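Novice: What would the 3D arrangement of this be:
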Amino acid sequence: MIIDLPNTKTKDIERRIRALREERGDVTSGRVLTLIVVTSEDDDLDRIITSTHDASREHPARVIVLVMHRNEESLLDAQLRIGGDAGASEIIIMHLHGELSANRASVVTPLLLPDTPIVAWWPGTGPRNPAADPIGALATRRITDSLTDEDEDALYRRRMTYTRGDSDMVWSRITLWRGLLASALDQPPHHLIVSAEVWGPKHDPSVDIAAGWLAERLDVPLTRHVTVDGRYDEDAEGNRLISIEKAVLYRQVGAIEVEVIDANTVSLTVGDQKSMVTLGRRALADCLAEELRHLDPDYAFGHALRGLVRVNRPDRGPRTSQYRGVQTPEPREDKLDRWTSRDARETYNAFDGQESLR
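Specialist: Prediction:
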């Protein structure tokens, strides 16, 4: 069911939702969180709503989509989607015009579900510091997407403002690839990694975060190479390839290599053993569903961000030279930093990264 509410107010939206719930006999106790999606009039709204619709099958939620418009007249147009048009959620689409865009946190607050986690998602261009954004300040988890951000260096800039609870879709896009590489490291021969290299499109931040993850966890020299000038590459049939087109971990004896064959297949070589693995680009809904599975701080992502400054990029020079005065904090047992769990004794912070990348 889709209900349009032109030129309305927040209290009218809330009243209409309550009336529909009573009429249909629905309850909100099945909603596990409130998802606030912040978009602009230039974003692909249909694709975003479809992704939240699909992700809601795993995470029933109240989804509030805020669409910012640049015109000067203060106006609120809304649309309610419930039932089959909203999946397992209820979707509230709010078009904010004029001053309402600047006061978006005040507009959305009355519609938040009580006693549930709040997640903010910017599927397009997001704030440089998500935790300081008015919507981000309401949320316990903040998800950006550096791949679709207008700023090609968005991921590096957010590293400087990283706060516990921040995450990025570029991290969940490479989850399956990370799992494949981690499992390969457990196969014999079990020699130490001495260096590593990754290849991918110049402006795909998933390649950068993968390089930062490897540099931080393996503590070895790592070089990030460019395959094409853009945000993605294609195979011979025009299908988009996964972000990391090739990765090589050099051991004292032999190497581990993962290389893209086509849009759905990669080759995995461990020593003299070579195999083919099905692996393609993940759908946006799958990435969103993964981000919503754990609402606690993602320290693995935080450590991958910290490793960005350790990556050698011959095409751009040392990354640290572009951020004078920014230093990579060293982990200390007696003092926690923003990259580390409050429990410094937990397994993730104590184990040897060469033995496991998980």
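Novice: which residues touch Ala19?
Specialist: The contact partners of Ala19, taken as C-beta atoms under 8 Å, 6 or more residues apart in numbering, number zero. (C-beta placed from N, C-alpha, C; glycine too.)
Novice: Need the pLDDT of it.
Specialist: We have a pLDDT of 88 for Ala19.
Novice: what does Arg57 give?
Specialist: Turning to Arg57, the model gives it a pLDDT of 85.
Novice: For my notes, confirm it occurs in a strand.
Specialist: No: secondary structure of Arg57 (DSSP: H, G, I helix; E, B strand; the rest coil): coil, not part of a strand.
Novice: Just want the phi and psi numbers for it.
Specialist: phi -60, psi -30 (degrees, to the nearest 10).
Novice: Number of residues surrounding it?
Specialist: 12 (other C-beta atoms under 10 Å).
Novice: swap in the one 10 residues further on?
Specialist: Here the count is done by other C-beta under 10 Å, and Val67 has 21 residues near it.
Novice: Show me what the residue nearest to it when sequence neighbours are not counted is bridged to.
Specialist: Of all residues not flanking Val67 in the chain, His95 sits nearest, at 4.7 Å (C-beta to C-beta, 6 or more residues apart in numbering). With DSSP bridges applied, His95 shows beta-bridge pairing to Val67, Asp77.
Novice: pLDDT score for His95?
Specialist: Looking at His95, the pLDDT reads 96.
Novice: Contacts only, for it.
Specialist: Listed by C-beta under 8 Å, 6+ apart, the contact set of His95 reads 67, 69, 75-78.
Novice: and Ala196, that's in a strand?
Specialist: Yes: assessed with three-state DSSP, Ala196 lies in a strand.
Novice: quick one, what contacts it?
Specialist: Under the criterion of C-beta under 8 Å, 6+ apart, the contact list for Ala196 reads 214-215, 218, 220-223, 247-250.
Novice: next one: Val228
Specialist: 201-202.
Novice: can you rerun that using 6 Å?
Specialist: Shown in contact with Val228 (C-beta atoms under 6 Å, 6 or more residues apart in numbering): Pro201.
Novice: Ramachandran angles for it?
Specialist: Dihedral angles (degrees, to the nearest 10) for Val228: phi -140, psi 160.
Novice: quick one: the helices in the protein?
Specialist: Assigned by DSSP state H, the helices in the chain fall at 10-24, 45-55, 99-102, 104-108, 154-159, 169-172, 175-185, 205-218, 284-293, 299-306, 347-350.
Novice: quick one: which of the contacts of Ala196 is nearest Thr50?
Specialist: Ala247 (31.4 Å; C-beta to C-beta).
Novice: Report the central residue of this protein.
Specialist: By C-alpha atoms, centre = their mean, the chain has its centre lying nearest to Met169, at 1.9 Å.
Novice: count of neighbours near the closest residue to it other than its chain neighbours?
Specialist: Leaving aside its chain neighbours, Met169 sits nearest to Asp145 (4.1 Å; criterion: C-beta to C-beta, 6+ apart). Residues near Asp145, counting by other C-beta under 10 Å, number 23.
Novice: what does the model give Asp145 for pLDDT?
Specialist: Looking at Asp145, its pLDDT reads 96.
Novice: For it, give me the backbone phi and psi.
Specialist: The phi/psi pair for Asp145 (degrees, to the nearest 10) is phi -140, psi 90.
Novice: Reformat the contacts of Ala196 as TSV; add neighbour count and distance to Ala263.
Specialist: Formatted as TSV, the contacts of Ala196 follow (neighbours: other C-beta atoms under 10 Å; distance: C-beta to C-beta, whole Å):
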residue	neighbour count	distance to Ala263
Leu214	28	23
Ala215	24	27
Leu218	21	28
Val220	17	30
Pro221	14	31
Leu222	25	26
Thr223	16	25
Ala247	25	17
Val248	16	21
Leu249	24	24
Tyr250	17	27
